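> Any chance you can model this:
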Amino acid sequence: MNILQSNWVVALIGALSYMGTTVALWTTPLIEPVLVASAEVDHAPKPSWEFLNPEVDQLIDDLEQQKQALDKRERELKALAARLETERTEMNALTQMVATAQAEFDRHVLRIKDEEVVNLKRLAKIYSTMTPEGAVSILMELSDDELVKQLLHMKDSETAPMLELMAAKGQEQAKRVAKLTSRMRMTLAQSDSTSSQR
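Now for the predicted structure:
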């Protein structure tokens, strides 16, 4: 009994019971390595694109809405640009039509410039002092434009006998007189003095 009560025996029995209990209860847990690995993954730093933040999600939603609004605005601007191009094409066509009509009008209407008026009046006085036969022989050599300008600056009482003599020279000259009188009707003179002479 003395042996059992000695300190070294008590220490030896304690150490043996500790080792026996430890061996008896010792089991290698299979889940622990997985937990350690997942714990390592959880604590490992994540890349920034995997970071979840509600404020960032809200910003992303706002950016998406702004992008959709900009896309809609871009479509509207493209439609407007197409409409403007169509209208520009129509305006160009109308401008060309007006230019063509103006050219056609100018071809049929004789315009007398202010500078010409003085010379035409002077020549009209000369032709009016001549005999109608002598004046007609000269006037028939003029072009239609020149003849219309000249006849417009003469009085009706002077023009009528000359036109009558010209028409009497044959069918071709009669047609020319008809054409000349039609042009005289459509002629635009820039000077009011021409119309006051008539």
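> In this structure, mark out all the strands, start to finish.
Residue ranges of the strands in the chain, as given by DSSP state E, are 111-112, 188-189.
> quick one: which of those strands has the weakest pLDDT on average?
Comparing the strands of the chain by mean pLDDT, the weakest confidence falls on strand 188-189, with a mean of 56.
> quick one: the helices in the protein?
Across the chain, reading from the start of the chain, the helices by DSSP state H fall at 2-5, 7-25, 32-43, 54-108, 114-129, 132-139, 144-152, 156-167, 171-186, 192-197.
> Quick check: which ranges of this protein have low pLDDT?
Flagging of the chain using pLDDT under 70 yields the residue ranges 1-4, 28-51, 108-112, 114, 188-198.
> Please repeat the previous calculation with a cut-off of 80.
Along the chain, the model assigns pLDDT under 80 to residues 1-6, 8-9, 26-54, 56, 105-117, 186-198.
> the domain parsing of the chain - what is it?
The chain is divided into the following domains under automatic domain parsing: 54-108, 111-197.
> do you know which of those domains lies nearest Ala11?
Comparing the domains of the chain by their distance to Ala11 (Cβ to Cβ), the top pick is domain 54-108, with 62.1 Å. (Glycine included, C-beta is placed from N, CA and C.)
> what separates that closest one from the chain centre, distance-wise?
Chain-centre distance of domain 54-108: 6 Å, with Cα atoms, centre = their mean, to the nearest Å.
> Could you do stretch 120-133 as well?
Going by Cα atoms, centre = their mean, where stretch 120-133 is centred and where its chain is centred differ by 58 Å.
> same question, stretch 101-109
Distance of stretch 101-109 from its chain centroid, counting by Cα atoms, centre = their mean, is 31 Å.
> Alpha carbons only: can I get it in CSV?
Extracted in CSV, the C-alpha atoms of stretch 101-109 (Å, rounded to 0.1, in the frame of the first residue of the first chain):
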residue,chain,number,x,y,z
ALA,A,101,-39.7,78.2,-113.3
GLN,A,102,-37.8,81.5,-112.9
ALA,A,103,-35.6,80.6,-115.9
GLU,A,104,-38.7,79.7,-117.9
PHE,A,105,-40.3,83.0,-116.9
ASP,A,106,-37.1,85.0,-117.7
ARG,A,107,-36.9,83.3,-121.1
HIS,A,108,-40.5,84.5,-121.9
VAL,A,109,-40.3,87.9,-120.2
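> heads up, I number from 11, so please use that
All set: I'll call the first residue 11, so the last point we hit is now stretch 111-119.
> Give me the phi and psi angles of Leu152.
The phi and psi torsions at Leu152 (degrees, to the nearest 10) take the values phi -80, psi 160.
> ok, now how distant is it from Met29?
Using Cβ to Cβ, to the nearest Å, we find Leu152 at a distance of 145 Å from Met29.
> Spatially central residue for this structure, please.
When the chain is reduced to its mean C-alpha position, the nearest residue by Cα atoms, centre = their mean turns out to be Glu95, at 4.4 Å.
> any idea how far that one is from Gln181?
Taking Cβ to Cβ as the measure, Glu95 falls 56 Å from Gln181.
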